[in-house]
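Novice: I need the structure of the sequence given here:
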Amino acid sequence: MKRWSLLILALCLALGLHVCAQAESGLTLPKAEGETLMEAGGLSLNDVGAYRVFVTDENGEPVAGAALQLCSDTLCVLAWTDEDGVAVYETETGSYTVHLLKAPEGYQPDDTEYPVWTAYCDLRLTLRPAAT
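Specialist: You can find the predicted model right below:
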């Protein structure tokens, strides 16, 4: 089990370093494999000294009131998207994942964890409407 964990950690670190180096040229990541109810629109580096998550609907309109968590192995920080659909995490850089804790009314829940870079970056997520 430890071997697999170490191998996965090494691969994640190598991929993170490779993607971070390319991100400065405007590269964004493709959507996650096996997309679920919330889709990752990509990552890009920022220089604001914080991790930011931009949440929109399928029409590109901002979604306010989404509860998102930024988590490491030892810390989880909760933030709600504002009227511009942005959640901001002013925390130290590190290895984190972002997940939707609670979707606003009218949107589908999702339990996907989206990794973010070890450098400050922006993550773009799209919420799908709730089934009627």
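Novice: every contact and neighbour count from this point should use C-alpha atoms.
Specialist: Noted.
Novice: need the strands for this protein, in chain order.
Specialist: Along the chain, the segments classed as strands by DSSP state E run 38-45, 51-56, 67-71, 76-80, 86-89, 96-102, 113-116, 121-127.
Novice: average pLDDT across the longest one?
Specialist: Same thing as strand 38-45. Taken as a whole, strand 38-45 carries a mean pLDDT of 68.
Novice: who touches Lys102 in this structure?
Specialist: 66-68, 109 (CA atoms under 8 Å, 6 or more residues apart in numbering).
Novice: cutoff 10 Å now
Specialist: 65-69, 80, 108-111 (CA atoms under 10 Å, 6 or more residues apart in numbering).
Novice: which of those residues are buried?
Specialist: Neighbour-count burial (16 or more other CA atoms under 10 Å) is assigned, among those, to 65-69, 80, 108-110.
Novice: quick one: the closest residue to Glu83 other than its chain neighbours from Tyr120, how far?
Specialist: Closest residue to Glu83 apart from its sequence neighbours, by CA to CA, 6 or more residues apart in numbering: Ala64 at 4.8 Å. Distance of Ala64 to Tyr120, computed by CA to CA, to the nearest Å: 22 Å.
Novice: what's around Val88, how many residues?
Specialist: Residues within reach of Val88, counting by other CA atoms under 10 Å, total 18.
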